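J.: Need coordinates for the following:
(chains A and B)
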Protein chains: 2
Amino acid sequence: MERVGKQMNWGFVIAASPEEEIGYIRSAYDALSSPLVLCADGGLQKAEKLGIPCDILIGDMDSGGGDGAKDVMRLPMEKDFTDTQSCLEEAVRRGCSHVLITGATGGRLDHLLCNLHLLEALEKKGVHGLIADRDNLVQLLESGPVQVPACYRYFSILPIDEQLRGVTIEGAKYLLQDAMVQRDDSLTVSNEAPSGEVTIQVKEGRAFLIFSR
Amino acid sequence: MERVGKQMNWGFVIAASPEEEIGYIRSAYDALSSPLVLCADGGLQKAEKLGIPCDILIGDMDSGGGDGAKDVMRLPMEKDFTDTQSCLEEAVRRGCSHVLITGATGGRLDHLLCNLHLLEALEKKGVHGLIADRDNLVQLLESGPVQVPACYRYFSILPIDEQLRGVTIEGAKYLLQDAMVQRDDSLTVSNEAPSGEVTIQVKEGRAFLIFSR
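T.: Predicted coordinates:
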């Protein structure tokens, strides 16, 4: 749905995944206008290194302290949800309409997969979520025209459901017309957009849209 | 199904994902008895660095040459499947009953997700697939007792389907009894097994089982 006239209130989450290079977090932060910054536990150390002011620190503090944050929500060590999930819920509570999640892809694959599917949880609450790391940008796929950001070479459609039906890709290097795409195949991986814009339609099924360098 | 009496023919795939540290690939290779080694394109360079003899090199050779392999399958640059998928298909053709995939998780998230779901493609062919990297080991979850390898601290259940029903976890730090687990929640992330063995039952739904350090 078009959000014309609606204010975009950005939440900016810095999660605690181990990462070799974190400079992209600063660039992502600088691209937004006054986002609400939420750090998941050790994410605060990244914020401090990058000079990003943290509005809310959320976590069990198992990977760092909390002096540098304006506000702190301390969670128990033993809990049924991750610190990153708590950050997203707090972002939603505080009225964010869009959330960009960083620091969420390195190290543990269980956390990465869990974080990817938190985009679905956000969507259920009407909030548009994005996950960025140094090499990738991930969002849930919506049918319609897509602007491929200039800094990414590839775009890929990764089915969440076992099958996507009626997939049409126009304006890209590899075209599809009303095709079926299986999750366990690699048909829609590594496409390119010569003009920077493609149009993607999916009649049935959910997928991630991933931009990569 | 129990494979008692059936020979385990291991395929060992080295994919081309960028990785900071590749020593784990050598350790994983050394743990297997005479596996068939398949390198996906630039994976060959890792094999050569680690002194692992490559039986088959498969790829469009966009990320490296092919002198060090016994056998080479050259694929076109423009194709409908990834080099890693081709390696798995060749491993199946050559009679592998088990395949361990390495080098498949770094860099591009589209490739990572695609590789994870290739485990489903293997399973459909009756082949047991595993993905390992420095920090993680991933397989499809089957109900029953699970030995958590000593080198991993955490185990997580990540739903592939939107819901898992009837999830029971016994012998772990966090227990579940006939529970429902949603894909967009983080309930079954970061469990631990004090005794090294847990028993997991899932009545309905598919999931990844992920061990992490």
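
J.: next helix or strand past the lowest-mean-pLDDT helix or strand in chain A?
T.: Every helix and strand of chain A was ranked by mean pLDDT, DSSP states H and E. The lowest is strand A:69-74, at a mean of 88. Following strand A:69-74 in sequence order, the next helix or strand is helix A:83-93 (DSSP states H and E).

J.: orientation of that next one relative to strand A:69-74 in degrees?
T.: Angle of helix A:83-93 versus strand A:69-74, following axes from the mean of the first three to the mean of the last three CA atoms, to 10 degrees, is 120 degrees.

J.: so where's chain A uncertain?
T.: By pLDDT under 70, the weakly predicted segments of chain A are A:1-6, A:62-66.

J.: Any idea which residue is closest to the centre of chain A?
T.: Centrality entry for chain A: nearest residue to the mean C-alpha point is residue A:131, 1.7 Å, by CA atoms, centre = their mean.

J.: Sheet partners, orientation included, of the least confident helix or strand of chain A?
T.: Applying DSSP bridges, strand A:69-74 is found paired with strand A:54-59 (parallel).

J.: Please enumerate the helices of chain A.
T.: A:23-30, A:43-50, A:83-93, A:109-124 (DSSP state H).

J.: Dump these into JSON lines; add distance to residue A:57 and mean neighbour count as well.
T.: For every residue, glycine as well, the C-beta is placed using N, CA and C. Conversion of the helices of chain A to JSON lines gives the following (distance: least, CB to CB, whole Å; neighbours: other CB atoms under 10 Å in any protein chain shown):
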{"stretch": "helix A:23-30", "distance to residue A:57": "15", "mean neighbour count": "17"}
{"stretch": "helix A:43-50", "distance to residue A:57": "5", "mean neighbour count": "21"}
{"stretch": "helix A:83-93", "distance to residue A:57": "9", "mean neighbour count": "23"}
{"stretch": "helix A:109-124", "distance to residue A:57": "18", "mean neighbour count": "22"}
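
J.: Redo those helices as JSON lines? Include distance to chain B.
T.: Below are the helices of chain A laid out as JSON lines (distance: least, CB to the nearest CB, whole Å):
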{"stretch": "helix A:23-30", "distance to chain B": "14"}
{"stretch": "helix A:43-50", "distance to chain B": "16"}
{"stretch": "helix A:83-93", "distance to chain B": "5"}
{"stretch": "helix A:109-124", "distance to chain B": "3"}
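
J.: re earlier: what distance do you get for the residue nearest to the centre of chain A to chain B?
T.: Distance, residue A:131 to chain B, using CB to the nearest CB, to the nearest Å: 8 Å.

J.: Quick check: that residue touching residue A:115?
T.: Yes. Counting by CB atoms under 8 Å, residue A:131 does reach residue A:115; the two are 6.3 Å apart.

J.: what comes up buried for the least confident helix or strand of chain A?
T.: For strand A:69-74, a neighbour-count test (16 or more other CB atoms under 10 Å in any protein chain shown) marks A:69, A:72 as buried.

J.: Identify the residues contacting the nearest residue to residue A:38 once chain neighbours are set aside.
T.: Using CB to CB, 6 or more residues apart in numbering or on different chains and skipping residues adjacent in sequence, the residue nearest residue A:38 is residue A:87, 4.2 Å away. Taking CB atoms under 8 Å, 6 or more residues apart in numbering or on different chains as the criterion, residue A:87 is in contact with A:11, A:13, A:15, A:38-40, A:56, A:58.

J.: can you do 7 Å?
T.: Residue A:87 is in contact with A:13, A:38, A:40, A:58, counting by CB atoms under 7 Å, 6 or more residues apart in numbering or on different chains.

J.: so residue A:199 sits right up against residue A:170, yeah?
T.: Yes. With contact defined as CB atoms under 7 Å, residue A:199 counts as touching residue A:170 (4.4 Å).

J.: and residue A:213, how many residues sit next to it?
T.: Look at residue A:213: counted by other CB atoms under 10 Å in any protein chain shown, it has 12 neighbours.

J.: Next up, the contacts around it.
T.: Counting by CB under 7 Å, 6+ apart, residue A:213 touches A:135, A:152-153.

J.: now do 10 Å
T.: Taking CB atoms under 10 Å, 6 or more residues apart in numbering or on different chains, we find residue A:213 in contact with A:134-137, A:151-154, B:107-108.

J.: which non-adjacent residue is nearest it?
T.: Counting by CB to CB, 6+ apart, residue A:135 is the residue found nearest to residue A:213 once chain neighbours are left out, at 4.9 Å.

J.: Can you give me the distance of the one you found to residue B:212?
T.: According to CB to CB, to the nearest Å, residue A:135 stands 21 Å off from residue B:212.

J.: same deal with residue A:110?
T.: 6 Å.

J.: Which neighbours do the two have in common?
T.: B:135-136, B:138, B:154-156, B:189-190.

J.: Among those, name the buried ones.
T.: Using 16+ other CB under 10 Å, the buried ones in these are B:135-136, B:138, B:154-156, B:189-190.

J.: Domains in chain A, by residue range?
T.: If you go by automatic domain parsing, the domain ranges for chain A are A:10-134, A:144-212.

J.: Between the two ends of the longest one, what distance do you get?
T.: Yep, that's domain A:10-134 we're talking about. End-to-end span of domain A:10-134 (CA to CA, to the nearest Å): 20 Å.

J.: cool, the last one as well?
T.: Looking at domain A:144-212, the gap from its leading to its trailing residue is 20 Å under the measure CA to CA.

J.: Off-centre distance for it?
T.: From the chain centre to the centre of domain A:144-212 is a distance of 17 Å (CA atoms, centre = their mean, to the nearest Å).
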